[in-house]
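K.L.:
need a structure here:
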Amino acid sequence: PFFSPRTPGHVVLRLYWQDEPLYTLATGPTLNVRVTEKDFESSIRFILSNFKAKKVNPTSLSSLNSLALVLEQFQLPPSMQQQRMAQQLEGAGRGVWGCICEARKVLDACASEYQKTIVKLQKLDDSVEELKAT
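P.N.:
I've put the predicted structure just below:
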């Protein structure tokens, strides 16, 4: 089966047997996936759904990276009228705000994991120093 990328970034297509996905048979050239203005809202909504689906691993940074790439690449079309632009981007704006709120949760989870890791490493360091002293 072929699955097309839904978020921006660099993609390398890989050919493999469905029953043995660990073994790569061939790879293609690197593709740079960009989100156009007509796909902006659907991409933001997809990223938001990914943020909300990451309950298993709340420190996953892939959605955060996708959000950054979409926002970095986004450009307002110069020919669009102000009122029409506001109407079209209203839903996208709500989606972006949702992504920002979810991104904050990811960053808070990362900070919490960092603090836990620091405590564990300090305990290990104390144990090593204790063993050296004996």
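K.L.:
quick one: stretch 75-88 to chain centroid distance?
P.N.:
Offset of stretch 75-88 from its chain centre (CA atoms, centre = their mean, to the nearest Å): 27 Å.
K.L.:
Would you mind measuring the gap between the ends of that stretch?
P.N.:
Start and end residues of stretch 75-88 are separated by 14 Å (CA to CA, to the nearest Å).
K.L.:
pLDDT weak spots in the protein?
P.N.:
1-3, 54-59, 80 (pLDDT under 70).
K.L.:
can you do 80?
P.N.:
Scanning the chain for pLDDT under 80 picks out 1-7, 54-60, 76-88, 134.
K.L.:
Kindly spell out which helices and strands sit in contact with the lengthiest strand in the chain.
P.N.:
Using DSSP state E, we find that the single longest strand of the chain is strand 20-33. Contacts defined by 3 or more CB pairs under 8 Å, 6 or more residues apart in numbering; DSSP states H and E place strand 20-33 against strand 9-17. For every residue, glycine as well, the C-beta is placed using N, CA and C.
K.L.:
ok, back up a step: angle of the helix or strand following the longest strand of the chain against strand 20-33?
P.N.:
Next in sequence after strand 20-33, counting helices and strands by DSSP states H and E, comes helix 40-53. Relative orientation of helix 40-53 versus strand 20-33 (axes from the mean of the first three to the mean of the last three CA atoms, to 10 degrees): 140 degrees.
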